[in-house]
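[1] Take this sequence and fold it.
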Amino acid sequence: MAIKQINKYIYIDKYAFKGDKMTKRIIKNSATIRDDRKNVTKEKIEEKDNGVNGEETRNVLTLENILQDNDTDNNKKVKNKLIFKNIKKNNDSSINKNEMRIITIPRQRISSVKNNWLELIKPIVTNLKLEIRMNKDKIEVRTCKLTEDKNNLQKSSDYIKAYLLGFSIEDALALLRIDDLYIESFQIKDVKILKGDHLSRCIGRICGSNGSTKYAIENATKTRIVIAGDKIHILGSFNNIKMARYSICSLILGSTQGKIFNKLNILAKRLKERF
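    The predicted structure follows:
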């Protein structure tokens, strides 16, 4: 067959007849059609990939101000236009967002917090470079542009909680300076269930006359102890807390103070030999 090419896409077969008349049969090149279909499918796939693999977007409906458009008769035509804006989602949620911690103040500590407020917030503002305020019975701490480390927020919350538990500001400052310090809290009933006069005598054994037993345990184990009712809070390193807890639990169970002092002397000698 004699086929003549007209252009890139169309071919004419001169010998295609219909009855007595010769008709021109237009033949499209199958190869070019396949290429066109492939290009279309590639474009569709690329659009889908850009929507999935690219940055996530969402359509937000915003109302534009009333626009004045001139009509064909030079009459002002007022229209309300709704425009869809394509807003990109930031994958980093921490950008331009301040983290905040809210700490509730017990009723019995509100007055002490108000009286010592300036001394309490001074290390948080100057050293940790955080923002702090008191809102009724809560303390709010948050980061700002000047904060260098986000871990400072956790340190500040531990420092404030230690003060609210009953530790002095000087003792609570150790949590900001040293990383390996912890606070352990427990109740007397966790060790032994005591009620009435038995509970008060147990607290008296732990404290001693004018706090002598408590100070002896603190000096021997290098910890700080707060006794608030039937709750006991210990501040120190892991091993030191373990020794202090053992001596306090033995007092709760009924051992005499003399035995505890002897054990504390032995512990103090061992600590001196190590260092």
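[2] any low-confidence regions in the stretch 1-150 of the chain?
    Applying pLDDT under 70 to the stretch 1-150 of the chain flags residues 1-96.
[3] Apply 90 and report the result again.
    By pLDDT under 90, the weakly predicted segments of the stretch 1-150 of the chain are 1-99, 135-136, 144-150.
[4] in terms of contact, does G166 touch V226 like I think?
    Yes - with contact defined as Cβ atoms under 8 Å, G166 reaches V226; the gap is 3.9 Å. Heads up, the C-betas are built off the backbone N, CA and C, glycines and all.
[5] Spit out the residues that contact these two alike.
    Contact criterion Cβ atoms under 8 Å, 6 or more residues apart in numbering; residues shared by G166 and V226: H233.
[6] Contacts for the host helix or strand of S212 next, please.
    According to DSSP states H and E, S212 maps onto helix 212-221. In this structure, residues lying in contact with helix 212-221 by Cβ under 8 Å, 6+ apart are 205-208, 223-225, 227, 236, 240-241, 243-244, 247-248, 251, 257, 260-261, 264-265, 267-268.
[7] try stretch 161-169
    Residues from elsewhere that reach stretch 161-169, judged by Cβ under 8 Å, 6+ apart: 103, 105-106, 109, 113, 116, 119-120, 171-172, 175, 183, 185, 224, 226, 228, 233, 235.
[8] Just the buried residues of these.
    By neighbour count, with 16 or more other Cβ atoms under 10 Å, the contacts of stretch 161-169 hold 105, 113, 120, 171-172, 175, 183, 224, 226, 233, 235 as buried.
[9] tell me which of these is nearest to K150?
    When the buried ones among the contacts of stretch 161-169 are ranked by distance to K150 (Cβ to Cβ), L175 comes first, at 16.8 Å.
[10] In which helix or strand does that closest one reside?
    Under DSSP H and E, the secondary-structure element containing L175 is helix 174-177.
[11] go on, C202?
    Using DSSP H and E, C202 sits in helix 197-207.
[12] Could you do R245 as well?
    Element membership for R245 (DSSP H and E) is helix 238-252.
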